[in-house]
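Colleague: The following comprises the amino acid sequence and a computationally predicted model.
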Amino acid sequence: MSIFFNAYFLKTQQPPIKLKEKFSQFERIPNSDWIVCDFGDSLVDGAFEGEEYLTQELSEIFGEVIFIAIDTSNDQLDYEHSLDGEVLRKLTWLSDGCQSTWVCVEGELEDWEITSVFSSDNLNRTRDLLSYDRHLNRLPADEIEVKEQELQSLWRKHEYVLNGQIPLGDATFGFIIQRHFFGITTEA
């Protein structure tokens, strides 16, 4: 079963009348300071493109704004986090139909990335990927060793390879983001 959704999440002091001006639906997340807005499966213009900012202007009005879009059928994630008109983080993991890559990495590393994107489990998944060529033939040991050293360096520095697969991404990081910020534990 694949999952597709996108939504805006706001932490704001603005009154409901102000929310109605920008969003067709909104609801406070239980036991949270966050409000989820326009949650659904209608694609938001600019999502999965990596070029357009989806939260920056909204955060000038509402304070802290997060946008999450996931499509597990195509292994795609679009994440953006802004505060008071400044984009703090933007990550887009996008599929071209053959493979998914990081097409946008902007801003500062966030805590959830360290425990998920740069976790030891994801390191092992990424390591396995690098052991094979594009035809799925296992690489010679000396080539694997060179790639392993490069991978370890990227992991220590928490670096993404733009237009590459390192670190290995996953559309379901959207669920991890929701759990981190909003305490939402529903997963695929």
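Modeller: Now that the structure is in, tell me what you want to look at. Numbers count the residues shown, from 1 in each chain.

Colleague: Going by C-alpha atoms from here, please, whenever you check contacts or count neighbours.
Modeller: OK.

Colleague: would you list every one of the strands in the chain?
Modeller: 4-11, 26-28, 35-40, 64-71, 76-83, 86-95, 100-107 (DSSP state E).

Colleague: By neighbour count, which bits of the shortest one are buried? Give me those.
Modeller: When burial is assessed from 16 or more other Cα atoms under 10 Å, strand 26-28 yields the following buried residues: Phe26.

Colleague: chain center to stretch 65-72: distance?
Modeller: In terms of Cα atoms, centre = their mean, to the nearest Å, the centre of stretch 65-72 is found 7 Å from the chain centre.

Colleague: which intervals of the protein have sub-threshold pLDDT?
Modeller: Per-residue confidence of the chain (counting by pLDDT under 70) places the weak regions at 185-188.

Colleague: Break down it into its helices, ranges please.
Modeller: 16-22, 56-62, 111-115, 120-130, 141-157, 173-182 (DSSP state H).

Colleague: of these, which approaches Asn31 most closely?
Modeller: helix 173-182 (8.9 Å; Cα to Cα).

Colleague: quick revisit: rebuild the helices of the chain as TSV, extending it with distance to Ile70 and mean neighbour count.
Modeller: Output for these, formatted as TSV (distance: least, Cα to Cα, whole Å; neighbours: other Cα atoms under 10 Å):
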stretch	distance to Ile70	mean neighbour count
helix 16-22	22	11
helix 56-62	19	19
helix 111-115	16	14
helix 120-130	19	16
helix 141-157	24	13
helix 173-182	6	18
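
Colleague: still on that earlier bit, make a markdown table from the strands of the chain and add distance to Asp142 to it.
Modeller: As requested, the strands of the chain are exported to a markdown table (distance: least, Cα to Cα, whole Å):
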| stretch | distance to Asp142 |
| --- | --- |
| strand 4-11 | 41 |
| strand 26-28 | 54 |
| strand 35-40 | 48 |
| strand 64-71 | 37 |
| strand 76-83 | 33 |
| strand 86-95 | 30 |
| strand 100-107 | 25 |
